[in-house]
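Peer 1: Sequence and predicted model, in that order:
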Amino acid sequence: MKLLLDENLSRKLVPFLQEDYPGSSHVVFLGLERQADRRIWDYAKANDFVIVTSDSDFHEMSLLADSPPKIIWLKSGNRSKAAILNLLLQHGKSIERLLIAEAKSCVEIYG
């Protein structure tokens, strides 16, 4: 599973995610900075990414549009890069189970 980090998350997280989430990227690295959410959604869908965000926009979009892409919604408030990284790594197995085995369109992670 490869992750696409939204603008509201640090692009500095990407190298640390590669072992657990190979092929992950950030919207900035893909020329999607300051693009409409729909453009990011379409890119993620076309390129088999799971969107990781800390705001509700993509979750709301997932209620109206078909999945994929799938969403990881980090409901952790303003946290450090290390804390965000730890959330994604610690919850990796449950994220995969919920998104793939249970076919959920959005996983909310609190922390």
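Peer 2: That came in fine, so what should we check first? Numbering: from 1, shown residues only.
Peer 1: Sketch out the low-pLDDT regions of this structure for me.
Peer 2: Across the chain, not a single residue meets the criterion (pLDDT under 70).
Peer 1: And the strands in it?
Peer 2: 2-5, 25-26, 49-53, 71-75, 106-110 (DSSP state E).
Peer 1: Let me have those strands in a markdown table, adding distance to Leu13 as columns.
Peer 2: All C-beta spots, glycine's among them, are computed from the backbone N, C-alpha and C. As requested, the strands of the chain are exported to a markdown table (distance: least, CB to CB, whole Å):
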| stretch | distance to Leu13 |
| --- | --- |
| strand 2-5 | 6 |
| strand 25-26 | 8 |
| strand 49-53 | 9 |
| strand 71-75 | 11 |
| strand 106-110 | 14 |
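Peer 1: Show me which of these has the highest average neighbour count.
Peer 2: strand 49-53 (a mean of 25; mean count of other CB atoms under 10 Å).
Peer 1: chain center to stretch 56-71: distance?
Peer 2: Mean C-alpha position of stretch 56-71 versus that of the full chain (CA atoms, centre = their mean, to the nearest Å) differs by 11 Å.
Peer 1: got it, and stretch 4-17?
Peer 2: Mean C-alpha position of stretch 4-17 versus that of the full chain (CA atoms, centre = their mean) differs by 9 Å.
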